[in-house]
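Enquirer: quick one: sequence plus predicted model below, questions after.
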Amino acid sequence: MPDLSSRPRARFLRLAETHRPPLALRIDGESATALTGDTLLVALLTHGRRVRDSEFGDGPRAGFCLMGACQDCWVWTPDGDRLRACSTVVEAGMSVLTRPPPAHWPATPDLTQSLARKAAREEAGNTMEPGVSA
Ligand code: FES
């Protein structure tokens, strides 16, 4: 079993429907598990604290409307396609990226600065997102 002690707690905790069959997927290249019928947003927030990094550099995002209206939950496939996490059902073997793939979506200066701040926090041993308490 992997050591998750250094990983921030997930934002979502599954309390019901735990009997659904598991599905394997990859999130930012790491193996992850969702349950059949989960949306990508549920898979991402049961795996970590954020859905994605905003391409406009205003930090981590966790979705807002959760019903396909606000566009706060875009994630990417490795091929550069965008998926709306709250309205996309996880499929077995799916691979998603929570940051725009550079070959398809060049990082804006704001995103570059946001990612540099995140890397500095992680290097300092602070894995918590700003404004997020443990
Ligand atoms: S959270 Fe609003 S569109 Fe997905």
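Expert: Perfect, thanks for sending it.
Enquirer: what about Ala119, how many neighbours?
Expert: 10 (other Cβ atoms under 10 Å). Bear in mind the C-beta positions are built from the backbone N, C-alpha and C, glycine included.
Enquirer: which bits of the chain sit near the ligand?
Expert: 63-66, 68-73, 84, 86 (Cβ under 6 Å from any ligand atom).
Enquirer: would you show me how to pick out the buried ones of the residues you listed in PyMOL?
Expert: To isolate the buried members of those in PyMOL, using 16 or more other Cβ atoms under 10 Å:
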select buried, resi 63+66+72+73+84+86
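Enquirer: just the residues of the chain next to the ligand: which are in strands?
Expert: Using DSSP state E, Arg84 are the members of these that sit in strands.
Enquirer: nearest to Val42, of the residues of the chain next to the ligand?
Expert: Cys86 (8.6 Å; Cβ to Cβ).
Enquirer: what about the nearest residue to Leu35 once chain neighbours are set aside, neighbour count?
Expert: Among residues not flanking Leu35 along the chain, Arg20 sits closest, at 4.0 Å (Cβ to Cβ, 6 or more residues apart in numbering). By the measure other Cβ under 10 Å, the count of residues near Arg20 is 12.
Enquirer: cool, thanks, signing off.
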